[in-house]
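1. Take a look and give me a structure for this.
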Amino acid sequence: MNRWLFAKAFVTGLLVLLFINKETASAADKDKAPVVPPAKGKSETIKLFNGKDLSGWEGFEDHWSVKDGVIVAKNTKPIKFSTYLLTKEKYTDFRLVFSAKLVESEMHSGVSFWGEIRPSVSKEPEKDRTKYTYAGHLVMFPSGWGMYDLFGRNGLKVDGAPAKKVGKQHEWNDMEILAQGNRVRFAVNGTAVVDWFDPEPKRIMAGPIGLQLHSNTVPQELHFKGLELTTFPQEDRLISVKPATK
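-> All right, here's what the predicted structure looks like:
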């Protein structure tokens, strides 16, 4: 190879490396999230579920009911779009403490927030029964532990492995979601498993809390209980996390 060809190859290689480094840096910058401080407001603790009926909630009555003090989510026929039991009130910063159990199927469920009810996800809302479909953030459990942006960015960069280690597939899981500013923290059975800042805080909005019954082709059943919510929590920590032992 003569000097001219060598120099040309060297410059080409250098340009490729610079392009790769630029793309990598851009991706890294995109992942960096600003820190939005917690919103200010009245802090009060609310029992979202009274243990008797679905007062304060809305959803399809053939999918949601109360039995023996727990909320039961169930389908026997296929569901084309995930459907939700939704609070009539909207929330931004909150702490939600609850328990959930996957009784039948292996499909994950979750709690949705920071979004809106969006029937228009289907071109035929009546036929596809999308009256109570949610678009927004979702904390998933069990099976596919992690976080999702419903009808938005899809899977979020949250590692589900820590939750999978402590989560129970077909038993009760005690959980806590702490949402403040653009930060979401999540604990499962006394262990902190998620600490995530949304890199796109403009997506965050006051929205209902939603319990998910996932789209599925097979029968499924889930149970929920507890569901105690604190608005604008004063304590900036997960209260259900067990103290570290030496």
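2. and the next element down the chain from the helix or strand of the chain with the lowest mean pLDDT?
-> Considering only helices and strands, the least confidently modelled element of the chain by mean pLDDT, DSSP states H and E is helix 3-31, at a mean of 43. Using DSSP states H and E, the helix or strand that directly follows helix 3-31 along the chain is strand 45-47.
3. Identify all contacting residues around stretch 176-183.
-> The contact list for stretch 176-183 (Cβ atoms under 8 Å, 6 or more residues apart in numbering) reads 33-39, 92-98, 111, 113-114, 139, 184-187, 195-198, 201, 204, 233, 236-241. C-beta coordinates here come from the backbone N, C-alpha and C atoms, glycine included.
4. list the contacts for the residue nearest to Pro125 when sequence neighbours are not counted?
-> Beyond its immediate neighbours in the sequence, the residue positioned closest to Pro125 (Cβ to Cβ, 6 or more residues apart in numbering) is Pro119, lying 4.4 Å away. Under the criterion of Cβ under 8 Å, 6+ apart, the neighbours of Pro119 are 125, 130-133.
5. Now rank these by neighbours and give me the top one.
-> Ranked by neighbour count (other Cβ atoms under 10 Å), the contacts of Pro119 have Thr133 at the top, with 25 neighbours.
6. which residue ranges form the helices in this protein?
-> Applying DSSP state H to the chain gives helices spanning 3-31, 125-128, 161-166.
7. So for the last one, mean pLDDT?
-> Spelled out, that is helix 161-166. Over the span of helix 161-166, the pLDDT mean works out to 97.
8. try the shortest one
-> pLDDT averaged over helix 125-128 equals 95, rounded to a whole number.
9. which parts of that helix are buried?
-> Buried residues in helix 125-128, defined by neighbour count with 16 or more other Cβ atoms under 10 Å: Asp128.
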